[in-house]
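Undergrad: Got a sequence here, can you build the structure:
(one chain, ligands or ions: 2)
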Amino acid sequence: MRGLLVELGASLFARGYSVGSAGNISVRLPDGYLMTPTNSSLGRLDAARISKLDAGWNHVGGDKPSKEVFMHRAVLTARPEAGAVVHLHSTHATAISCLASPGDEAPIPPLTPYFVMRVGRSLPVVRYYRPGDPAMEGEIHAAALGARAMLLANHGPVVSGRSLVDAVYAAEELEESARLALMLRGQAARGLTPAQVEDLLRSFG
Ligand SMILES: O=C(CO)COP(=O)(O)O
Ligand SMILES: [Zn+2]
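TA: Residues are numbered from 1 along each chain as shown. Ligands and ions are numbered 1, 2, ... in the order given. Got it, this is the predicted structure:
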């Protein structure tokens, strides 16, 4: 699992989904959690130094965990089926999180099937909190009860998945869908119909 985390972090970084030391990833284990260390670059994670937390979220190994441990705890506690959480500052999803009126439940319309299949029906926007602020935990938990992914206002996306690979795929799909939504702004785009969305959720949800 550590090797996969290093590989996927490097892949996200190489393709520009994260820059500098932005973003963090957590993975649920049978006896606790792995988390990327604070101030680490997703592009250069060291498998041996990845933070280990026990089942009570106490730091028990590796470097000091991400300052966003509350964000990851909120999602993984709200969604027992989730195996991993990916938080990025990917450009287009973050741009949408900065819109004055992003739309509370559908800041990105259902334009393509893979957005619906990987991200789901709703994408709440959680109000701005300073990075690492423990006060965000309650609202993120509440949002995660009804959604696999969310946008943090003026910050970026938080995406969960059944597995680490699923969470990464969903984070990538969210970013590309945000890019499409911005490209199509002001144009007469044809989104998926509610019936098409329901069909996708029934078939792949
Ligand atoms: O994205 C980040 C803060 O929101 C990065 O923080 P960490 O380096 O502590 O993981
Ligand atoms: Zn962040």
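Undergrad: C-alpha from now on. contacts and neighbour counts both.
TA: Will do.
Undergrad: gap between stretch 195-205 and the chain center?
TA: Averaging C-alpha positions (C-alpha atoms, centre = their mean, to the nearest Å) puts stretch 195-205 22 Å from its chain's average.
Undergrad: Rounded mean pLDDT for that stretch, please.
TA: Regarding stretch 195-205, the rounded mean pLDDT is 94.
Undergrad: Please list the outside residues in contact with that stretch.
TA: With C-alpha atoms under 8 Å, 6 or more residues apart in numbering as the test, stretch 195-205 has contacts from Pro110, Pro113, Val116, Met117, Arg118, Gly120, Arg121.
Undergrad: and which of the residues you listed is nearest to ligand 1?
TA: The closest of the contacts of stretch 195-205 to ligand 1 turns out to be Arg118 (C-alpha to the nearest ligand atom; 21.8 Å).
Undergrad: Take the contacts of stretch 195-205 and write them to CSV, including neighbour count.
TA: Putting the contacts of stretch 195-205 into CSV (neighbours: other C-alpha atoms under 10 Å) gives the following:
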residue, neighbour count
Pro110, 24
Pro113, 17
Val116, 25
Met117, 19
Arg118, 25
Gly120, 21
Arg121, 22
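Undergrad: For the residue nearest to Met71 when sequence neighbours are not counted, give its distance to ligand 1.
TA: Using C-alpha to C-alpha, 6 or more residues apart in numbering and skipping residues adjacent in sequence, the residue nearest Met71 is Glu137, 5.8 Å away. Per C-alpha to the nearest ligand atom, to the nearest Å, Glu137 is found 13 Å from ligand 1.
Undergrad: for the helix or strand harbouring Glu137, packing partners?
TA: Using DSSP states H and E, Glu137 maps to helix 137-145. Counting contacts by 3 or more C-alpha pairs under 8 Å, 6 or more residues apart in numbering; DSSP states H and E, helix 137-145 packs against helix 69-78, strand 125-126.
Undergrad: For burial, what's the neighbour tally of Arg190?
TA: 11 (other C-alpha atoms under 10 Å).
Undergrad: what's the spacing between the closest residue to Gly3 other than its chain neighbours and ligand 1?
TA: Among residues not flanking Gly3 along the chain, Ala47 sits closest, at 6.2 Å (C-alpha to C-alpha, 6+ apart). Taking C-alpha to the nearest ligand atom as the measure, Ala47 falls 15 Å from ligand 1.
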